[in-house]
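Peer 1: give me coordinates for this.
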Amino acid sequence: MKARHSLRRRPRAEAAAPSHMPFAAPTLRPHPAMARAVEGARQGLGGPEAEAQAPSVSPDAVPAEALPQPGPDAPPEAEARQAAAAPAPSQVTFNINRPIPVPPVGNSALRAMADVPGVTWSLHAGTAALDGGSSIAADGRITLGAGQAAGIIEARATSADGAWASNMLHLVAHPTGVGSTTLIGDPSAGSYGHVFDHVLTSSTGDVANLENVPVGENFPGLATPAAATHLIPNPPFPFDRSFTLHTATLTTDANNNWFLTAAGMLGGTHDTVSMEQAGIDVGRFTANASNPTAAGALPQGFTVDQHLHWYNPLAAANARWMDFVTVQHKRELKLIGTDLKFVTTVNNLEDGGDDYVGPVAPHALTATPASVAHSAGPPAGGGTLPPANTVALAASTVPATLPAGGALVWSFRGPALGSTLTPDTADPHRATLTVGTTAGSVTIRVADAAGNNFDQVMVTIT
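Peer 2: Got it, this is the predicted structure:
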């Protein structure tokens with residue numbers, strides 16, 4: 001039996017590209033007609049798309065091939081002056097190509113790098129104002145102040161002659177909990193459960209600052225918390241066998257997880273919490289002739305705790321996933337009134353329950369009367385055959401109403417002694433035993449369509 005979580009999740013099993021990729025150098029045009037080159041890229045990540053700005057270059061940046069070249073008769077000092085001209089920067093990159101949390105958490109150094117040496121570094125406000133404690137050192141090392149706001153800031157490399165190139169640094173908040181949980185849709189056919197999503201809370205109070213932050217899952221309470229598959233035995237799994245739970249994993253490069261949307265939601269495939277319908281049989285929890293001792297009373301189910309983590313690229317490689325909230329997942333077979341439902345609950349939000357589609361469980365079969373005289377045979381001298389004696393048979397089932405296409409099968413166990421069974425066409429829970437002319441006892445069975453769940457009653461014929 002299989003169940004799913006999250007990244008199909010499940011927890012999503014498909015790999016996604018990093019959320020902030022290195023940028024390609026812009027194309028330089030001949031001076032002085034070169035325009036500022038700013039390109040926006042939208043990069044698909046399996047969740048929300050991450051917006052990145054390509055490096056910018058100053059209008060005064062002159063490619064070497066566009067500079068005046070000394071002629072064949074130029075003096076040697078002209079060639080020396082040409083060789084000594086400061087190269088213009090055309091590309092700025094970062095050593096960490098991920099959204100950076102603010103205030104920063106972790107010890108990894110953040111650094112900007114230019115494609116030429118000898119540049120002077122500076123930081124500039126973008127969509128976010130610069131905090132007084134934010135700075136960039138001569139070697140490109142970036143310090144973010146404790147009060148630095150989320151948004152975009154610019155790291156600029158300037159050459160001695162004033163030409164410059166820059167790149168945008170994406171600063172984000174981190175999630176701190178779950179604000180609300182919603183139902184999104186149904187899982188794949190043949191499964192109980194639902195697709196859920198959450199609106200997470202932000203460290204800045206603004207969920208828009210969470211856009212493109214990687215969020216992953218694990219299940220520390222299971223025997224193999226770091227694995228993608230988890231064998232859960234019986235017990236605690238109550239449905240007569242073990243089953244396998246499929247989840248995502250926490251990878252060092254954040255490629256098996258969600259990327260948050262600007263609404264603070266998981267996005268992408270959301271979180272699918274489901275279980276295959278096959279193998280869920282209420283007969284295990286119903287006392288009858290086929291199961292004299294029930295495994296327990298309804299409701300029956302199990303719970304696992306999902307731990308959500310956000311990805312911190314500033315932390316050490318083995319400690320980048322930051323556990324920030326535990327979300328309880330419960331799967332449960334239960335009666336709601338007389339209806340049998342499989343109910344999935346995530347973060348205390350019930351999905352309303354899916355109608356049970358497994359085998360029915362007959363029980364409490366009765367015969368009225370339980371002892372009856374045999375029917376009379378034909379009169380010795382001929383004449384009208386007297387009416388046969390009958391017994392009314394009635395059974396209960398779980399669920400009380402048979403599923404669509406469900407049926408009960410009535411049969412004798414052992415000799416029928418000339419008696420016959422007639423199911424009630426109006427009510428499948430009832431049948432009539434027409435008693436034969438031979439005394440003895442007959443056993444009647446009512447079973448589900450496969451014959452696995454059944455109840456029996458004996459009628460004495462005198």
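Peer 1: ranges for the helices of the protein?
Peer 2: 76-84 (DSSP state H).
Peer 1: quick one, domains of it?
Peer 2: What automatic domain parsing lists as the domains of the chain is 30-97+103-172, 180-355, 361-461.
Peer 1: between the two ends of the second one, what distance do you get?
Peer 2: Start-to-end span of domain 180-355 (CA to CA, to the nearest Å) is 26 Å.
Peer 1: and if you look at stretch 262-280?
Peer 2: 39 Å.
Peer 1: re the thing from before, return the most buried member of the domains of the chain.
Peer 2: domain 180-355 (a mean of 18; mean count of other CB atoms under 10 Å). Just so you know, the C-beta spots here come from the backbone N, C-alpha and C atoms, and that holds for glycine as well.
Peer 1: turn the domains of the chain into CSV, columns for mean pLDDT.
Peer 2: Converted to CSV, the domains of the chain look like this (pLDDT from 0 to 100):
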stretch, mean pLDDT
domain 30-97+103-172, 74
domain 180-355, 95
domain 361-461, 95
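Peer 1: with adjacent residues omitted, what lies nearest to Thr176?
Peer 2: Distance criterion CB to CB, 6 or more residues apart in numbering; nearest residue to Thr176, sequence neighbours excluded, is Thr201 at 4.9 Å.
Peer 1: is it true that that neighbour touches Asn209?
Peer 2: No - taking contacts as CB atoms under 8 Å, Thr201 lies outside contact range of Asn209: 11.1 Å.
Peer 1: my guess is Val172 contacts Ala208, does it?
Peer 2: No - judged on CB under 8 Å, Val172 makes no contact with Ala208 at a distance of 9.8 Å.
Peer 1: please save the CA atoms from stretch 161-176 in CSV.
Peer 2: The C-alpha coordinates for stretch 161-176 follow below in CSV (Å, rounded to 0.1, in the frame of the first residue of the first chain):
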residue,chain,number,x,y,z
ASP,A,161,38.1,55.4,-15.7
GLY,A,162,34.5,55.4,-14.4
ALA,A,163,33.1,52.5,-16.4
TRP,A,164,30.9,50.1,-14.3
ALA,A,165,28.9,46.9,-14.3
SER,A,166,26.5,45.7,-11.7
ASN,A,167,24.2,43.0,-10.6
MET,A,168,21.1,42.8,-8.4
LEU,A,169,21.1,41.0,-5.1
HIS,A,170,17.7,39.5,-4.1
LEU,A,171,17.1,39.8,-0.3
VAL,A,172,14.2,37.8,1.2
ALA,A,173,12.5,37.1,4.5
HIS,A,174,12.2,33.6,5.9
PRO,A,175,9.0,31.7,6.9
THR,A,176,8.2,31.4,10.6
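Peer 1: now do the contacts for the closest residue to Lys330 other than its chain neighbours.
Peer 2: Leaving aside its chain neighbours, Lys330 sits nearest to Thr345 (4.2 Å; criterion: CB to CB, 6+ apart). For Thr345, the contacting residues are 328-330, 332, 351, by CB atoms under 8 Å, 6 or more residues apart in numbering.
Peer 1: and Thr345, bridged to which residues?
Peer 2: Lys330, Glu350 (DSSP bridges).
Peer 1: quick check: the gap between it and Gly352.
Peer 2: Taking CB to CB, to the nearest Å as the measure, Thr345 falls 10 Å from Gly352.
Peer 1: the stretch 101-250 of the chain: strands as residue ranges?
Peer 2: With DSSP state E, counting those that start in this stretch as the criterion, the stretch 101-250 of the chain has strands at 110-114, 120-125, 135-136, 141-143, 151-158, 164-172, 175-185, 191-202, 214-218, 229-232, 243-246.
Peer 1: same list (those strands) but as a markdown table, adding distance to Met458.
Peer 2: Output for the strands of the stretch 101-250 of the chain, formatted as a markdown table (distance: least, CB to CB, whole Å):
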| stretch | distance to Met458 |
| --- | --- |
| strand 110-114 | 82 |
| strand 120-125 | 89 |
| strand 135-136 | 90 |
| strand 141-143 | 86 |
| strand 151-158 | 80 |
| strand 164-172 | 73 |
| strand 175-185 | 49 |
| strand 191-202 | 38 |
| strand 214-218 | 55 |
| strand 229-232 | 41 |
| strand 243-246 | 38 |
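Peer 1: go through these and name the closest to Met275.
Peer 2: strand 191-202 (5.2 Å; CB to CB).
Peer 1: how big is the angle separating the closest one from strand 175-185?
Peer 2: 150 degrees (axes from the mean of the first three to the mean of the last three CA atoms, to 10 degrees).
Peer 1: ok, now which ones touch the closest residue to Ser159 other than its chain neighbours?
Peer 2: Nearest residue to Ser159, sequence neighbours excluded (CB to CB, 6+ apart): Ala86, at 4.9 Å. By CB under 8 Å, 6+ apart, the residues touching Ala86 are 118, 159-161.
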